[in-house]
Structure formats: structure tokens, C-alpha cells
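> Have a look; sequence and predicted model below, questions after that.
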Amino acid sequence: MHPVSLCNVGKVYRLGAVEVPALSDITLDIRRGVFTVISGPSGSGKTTLLNLIGCIDTPDQGEIRVAGRAVQSMPDDELSDFRARHIGFIFQSFNLIPVLSAYENIEYPLHLAKVGAAERRRRVQALLEAVGLESRRNNLPAQLSGGQRQRVAIARALATAPGLVLADEPTANLDSQTGAEIIALMRRMQREQDVSFVFSSHDPQVHAEADDVIFIRDGRIVGVELKREVAREVVREGALEVQGERS
Amino acid sequence: MNTWFLAWRNLLRNRRRSLTTLLAMVIGLVAILIFGGYRSNILYGTQTGFVQQTGHLQIQRKGYFLDGGDNPTAYGIAGYEGLLARLRQDPQLAPMLVIATPTLQLGGIAGNFSGGVSRSVMATGLIPEDRNRMLEWNDYGVISYAQPLPLVGAPGDAVLVGMGVARKLKLCALLESADCVPVGQPAAGEGAGVPDDVAALSALEGSARATSAENRIEMLAATARGAPNVASLNVIKASNMGIKALDDVYMAMHLAQAQRLIYGTATPQVTAILIQLRHTEQIPAARQRLAELLAESGQEGLEVLDFDTLNPTYRQTNEFMDSMFGFIALLIGVIVLFTIGNTMSTAVVERTAEIGTLRAMGLRRSGIRRLFLCEALQLGLIGAAIGVLTALAVAYAINHSGWSWTPPGYAYAYLILVRVGEDLPLLAGSVTGIIAVTLLSAWWPARRAARWVIVDALRHA
């Protein structure tokens, strides 16, 4: 089972009486435990595709299955719970909660997933150490650099041990060196935690690290590059189904 | 960290805005509580005054209250002593009773013939000891302006009159007023119109009485059989009755004296039995029991009236103050509603991307609503706490300022007092109201935030 499958998915934006097709006839499987990049120029539909995969937007046609479940027909509350347990998000502008410290930002998704206090502490501590921000645990986002904020965002996305992490242009607001560090960190975390990462990016550094690259233009897939065959032994069976302890 | 915690952090995020909103709430709540406390003082003070004077309940003959004021003899209650004994001994009623006492209302003409003056009065025959005990009733702890009746221990012909009556009857020794012209000294311009023989007779009467009983007057009233009857009375004190209209006609005398005046040697009656209860809340229970006792006693044609009915001005004052309070509370409520609504709307707009992020991470719509309502609730609770404390401080300052005013129609000034801390329903109602307004004002922005499309919200990052 693929962590993400899209079949004939289409999305149209309506600006008054004008209909602007954002995605047309997208059929796609994201492989399990790989680093997938959706690549394309601005306005090609990368973010829209990522939003549909992330269950924060709905298609006008076709079917989307995430972790084996058809998500477009889920009621809103069920979909929210589904996202909280199965999907992590990393945003271009980091999107940390400004009133929460680094520790609390990472902890927040665990609250949503109803993970017990002891397990929350253990996981947040481990993630802070993994992203190298142990010493910054009590800092608010405003007290962190861009790179540090994105590290917190990565830790937050991985907090609930989701099967799928989506990142929309995660290095766009970072300088090249910091961007490279962030990519390296995500790559390491992806391997360590055996998570499927899906990026939208046209950053060559990201492409270089990708296992799979999906090229998109004018809302259509124009090419797929399977850069590396993923060793079967690396892939943990049922990664998407393995969730954290819940209180 | 739960929603409560996150909401608190969000409130601290923009301290100036939160403080401004709190200030609006505090000012609104203080205004409501101070006016409510003022209203409360007037209502409880008025109720206390009426209960002290007329009791909580009165047993009267049917129709006396509406039609019998000028003809009390036609509405007398015969055998009232037996009825009184029954009330006082009743095991259900007795624990509720402070006192049950008879009274006889009568009208007549009081004359000071030594001064050649007379005027109509409304007299009350009463048992002074009972009435003084009634004046002690102060269930709400208000400032009581009631003075004990000086008739206790006084001779049977002793009476008390209002200052207005004393002034009209030229009982200057009781008034200590420079405006009063004593008997035998006609006011400027007054003597010219009085015939010589009448003036001479008045002077003669005046000189004869002045040495022995300067405050002696005569009271002319109609007996139960319609014949005129006169009693010679000794005015021992003139009291300010508070309300001028009452001050000009008031007279109080011993019940026995009043009964002799009206019934002569016939069996005496009374026009009402005054019943004062320990607490106003006991009225319904006492009233029900009284109805049963009246039915059992075989007394027919009697009814039980409460102080609210007996004193229409109490109800009118109540309604007037309630309408004023309601209007002011509504006005302030609307101001607070829009102030907090504006604050919450601004917060929602500023945090659009954050809302999108929370939703993307899996927070339900209801979670977003709860977050903003929680912020409003915290604002409401803090505002209510500060508002109550501030109102208590302002109330303390007002109560110790010594400010006073003279209500319309009243003869003397009353202290301006506010009952905030003593009026728990007012406190509870106002605090609940302000919190409800706060939640209501946040409801619409919270609903709007919860309904945002996630991808649209995220575009605001």
C-alpha cells in the first residue's frame, strides 16, 4: 500500500465567473519511506497538490487515498483527527505558534493527538536533541534564527511519528547554507524515523537529496524521476499505521 | 499545554490591547455595580421603611384599603384580640412572627383653640411598645431613619404629631423654629383681619392655657354612630415624618385613646392587624397560613394584604429603578459587547495564518472556537474580578463621603449610599452578565475563525 495515492485528481479555482484549473488529471503514487520532491515553476500547482495530499484542501474530481483511506469524503472533524495522527507539516514561513516556546511548539501536536504527559516529555526531549536545539528549548520563535525555527518546525512535524511529512518550500526563506543544513537534517530524520517526506520545491539542493522527483507544469504531471531505488529492507512495513502511544 | 493555557499566552501577546479591553469592561462593570448598588440601597431602604411602619402583612376588612380610608369605623375588625391571640400562638406562624399588633386609623380635626387654629389630621391609634419593636426591623442592614415613638410610658392622652401639624397648630415650643409665631403673637399683617372680639377671646384662652399646658390640643372626630366626639390631647413631640405630605397630617396616639374617641363606651375595634415577619421572603408562607387561620376563626370579610400592595409607591419606585438599571445595564452591555468584539475580531485577523496552521496540524473547528472563547472568558473573568474589587472600593468611598440628597417630596436629606458588597444577587448577576456579554462578543469572531478554509488562512503567513 502506498502512503499516498491520487487517481485522476483535478482542482479548479473559481475567481468570480472565471475558472482557473490548478490541477488536471493527476494520478500518482508516493512510495513509502522515500524523499519525494514535487518540482515545477511558480504557479505550476505544486502547493495545491501538496495541500490536497495534506488533506487541507479538497479536490473537485478524482480520489485521494492517504494511508489507505479515501480522505476527500471524510467529515471535517474526522479529517482533522486524521491529520493530527498521520500527517506532519513543514511550512515555508515556519508557522510556529509565536506565543509558545520551542519545546511547547513541538509538544502541541502531541496534545492534539492526545499523547500522555510522560510520553510527550520523552518525545519532545528526543526531538529537541535530534534537531540540536536542546539549549533553546525555552526560547520563543521570535528569539530563534530562521534555521532554528525551521528545525523546531521539523521536530514539530515529526512529533506524532506520522507516516507522512509534507513540506512546502521549506528552504525558500533560508540562506543556502542554512537551507543545506535543513535538508540534511530532514534527510537524516526521514531515514531515522522511516517517514515518507513530500516536498514542493525548485531548490536544486532539495532535488539532489530526493529519491523521487515529480515534475509538474500547468497543473499536470510532466515527468517522474525515480532517482534511487529504495532498498526494501529500509522500508518499515505499515509505517503509516504505527502511531504514538495515546493516553 | 491545553486550550486554557494557549488562550492565556495569547492574551499576554498584546498586553496593551488586552489592558484596554479590560479597562472598558472594568469601567462598564463598575458603573453597573455602583448604580445597581445605589438602586439596591434605595429599594432595600424603602422596603425597610415600609415594613417598619406598616409591617409585612396586614389583616383588614375587605374594601378598607381601597374605600375605607375616610370611614374606618365602617371597616372595623371586631373581636380582634381573639384573632391576635390565635395568630401569636399558632405553631406554624409564630416562628415567622416578629410581632402582630392592632392599629386603628381615624381622621379628624385637631385644634389649638388657644391659638385659634385647627387642621385636619390622619391619626393612628397604636400600641407604642409594639410599634417601637417594629421600628427595630432591619433585615438588610440599611441605615434606618426611624425614631422610636416617645409615647411609651406617656400618659394616655399623649400624642405625637408631624412637624407640619405642629407648625399649623402653632405649637412653637415643639418646633424650635424662628418661623413659628407663638400663640398670642399674631404674625405681621395677620392681626388686622381678625375681629377684635375673636382676638380678645383667643388671647384670653391662650393666657389661661399657656402656663399649664402650652401643647394641649383638642381632637374632634366622628364616632362609630356618627356623633361628634372631642378628646383633649397633650402633644409631647413633633417629629419630622420624612415626607412633607405626611408631615402635615400625621398624628399618633395610644390605641386606647383612639378607640375611646371612635367607639366611646362601645366594644372597641381596630382597622388592621399589622404583622411583621422576620424575613420578607416568608410572606408567601405566612400569607397562606393566615388565610387558613382566618378561615378557621370564623371571621368573615377579612383579607390579607402585603406591604407591596399597601404601599404603591414601593412598587412604583421598584419599577422605576429597575427600568433605569435595565437601561443603563443594556447601554453598558452594548458598549462592552462591541469593544470586546472589536478586540477579538482584530485578534482573529492578525492570527489568520496561525489559525490555518493549527487547523492543518489537526485542531478541529470547535478547537478554534474554544480557543477564542477561552480568551474571551479569561478576559471576562479578569475584568469581572477587577471590576468587582474596584466597585467595592468606589462604594466604600461613596459610603464614607457623607454625600446626601433630598428625594422629591421628602422633608429631609438622605445619605447617598450604595450596597454593592451586601447585595450578592447584584454582584452575581452583574458578573455573570459581563462574562456572558464577553463570550457573546467573542462568539462571532470565533465562529468566523473556525470556518476559515485552511489553505486560504495559510496564505496570510
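Yep, it's here.

> Tell me which residue in chain A sits closest to chain B.
Chain A approaches chain B most closely through residue A:84 (2.5 Å), counting by Cβ to the nearest Cβ. Yep, even glycine has a C-beta here, placed from its N, CA and C like the rest.

> Does that residue lie in a helix or a strand, and which?
Applying DSSP states H and E as the criterion places residue A:84 in helix A:76-86.

> Give the buried residues for that helix.
By neighbour count on 16 or more other Cβ atoms under 10 Å in any protein chain shown, the buried set for helix A:76-86 is A:79, A:80, A:81, A:82, A:83, A:84, A:85, A:86.

> now swap in stretch B:290-308 and tell me
By neighbour count on 16+ other Cβ under 10 Å, the buried set for stretch B:290-308 is B:290, B:293, B:294, B:299, B:302, B:303, B:304, B:305, B:306, B:307.

> Same check on stretch B:60-67?
B:60, B:61, B:64, B:65.

> And these, which is closest to chain A?
Of all the buried residues of stretch B:60-67, the one with the least separation from chain A (Cβ to the nearest Cβ) is residue B:65, at 65.0 Å.

> Pretty sure that closest one sits against residue B:306.
No. Look at residue B:65 against residue B:306 with Cβ atoms under 8 Å: they stay out of range, at 11.1 Å.

> Now the buried residues of helix A:76-86 in CSV, please, with extra columns for pLDDT.
As requested, the buried residues of helix A:76-86 are exported to CSV (pLDDT from 0 to 100):
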residue, pLDDT
A:79, 94
A:80, 94
A:81, 94
A:82, 94
A:83, 94
A:84, 93
A:85, 91
A:86, 92
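
> wait, residue B:149 sits on residue B:128?
Yes. Residue B:149 sits in contact with residue B:128 when judged by Cβ under 8 Å, with a separation of 4.7 Å.

> Can you check which residues contact both of the two?
Taking Cβ atoms under 8 Å, 6 or more residues apart in numbering or on different chains as the contact criterion, residue B:149 and residue B:128 have no common neighbours.

> got the CA coordinates for the longest helix along chain A in PDB?
Residue-count comparison of every helix in chain A, with assignments taken from DSSP state H, identifies helix A:176-193 as the longest. Once side chains and other backbone atoms are set aside, the C-alpha atoms of helix A:176-193 remain, and they are given as PDB (Å, rounded to 0.1, in the frame of the first residue of the first chain):
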ATOM      1  CA  SER A 176      21.800  28.500   1.000                       C
ATOM      2  CA  GLN A 177      24.000  27.200   3.800                       C
ATOM      3  CA  THR A 178      21.200  27.000   6.300                       C
ATOM      4  CA  GLY A 179      19.000  25.500   3.600                       C
ATOM      5  CA  ALA A 180      21.500  22.800   3.100                       C
ATOM      6  CA  GLU A 181      21.700  22.100   6.800                       C
ATOM      7  CA  ILE A 182      17.900  21.900   7.000                       C
ATOM      8  CA  ILE A 183      17.800  19.500   4.000                       C
ATOM      9  CA  ALA A 184      20.400  17.300   5.600                       C
ATOM     10  CA  LEU A 185      18.600  17.300   8.800                       C
ATOM     11  CA  MET A 186      15.300  16.400   7.200                       C
ATOM     12  CA  ARG A 187      17.000  13.700   5.200                       C
ATOM     13  CA  ARG A 188      18.600  12.300   8.300                       C
ATOM     14  CA  MET A 189      15.300  12.400  10.300                       C
ATOM     15  CA  GLN A 190      13.500  10.800   7.400                       C
ATOM     16  CA  ARG A 191      15.900   7.900   7.400                       C
ATOM     17  CA  GLU A 192      16.000   7.600  11.100                       C
ATOM     18  CA  GLN A 193      12.200   7.700  11.500                       C
END
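
> Neighbouring strands - and their directions - for the following helix or strand past it?
Read in the C-terminal direction, the helix or strand following helix A:176-193 is strand A:196-200, with elements assigned using DSSP H and E. Within its sheet, and counting by DSSP bridges, strand A:196-200 is paired with strand A:35-39 (parallel), strand A:164-168 (parallel).

> Ok, which of the ones you listed comes nearest residue B:315?
Across the strands paired with strand A:196-200, residue B:315 has its closest neighbour in strand A:164-168 (69.6 Å, Cβ to Cβ).
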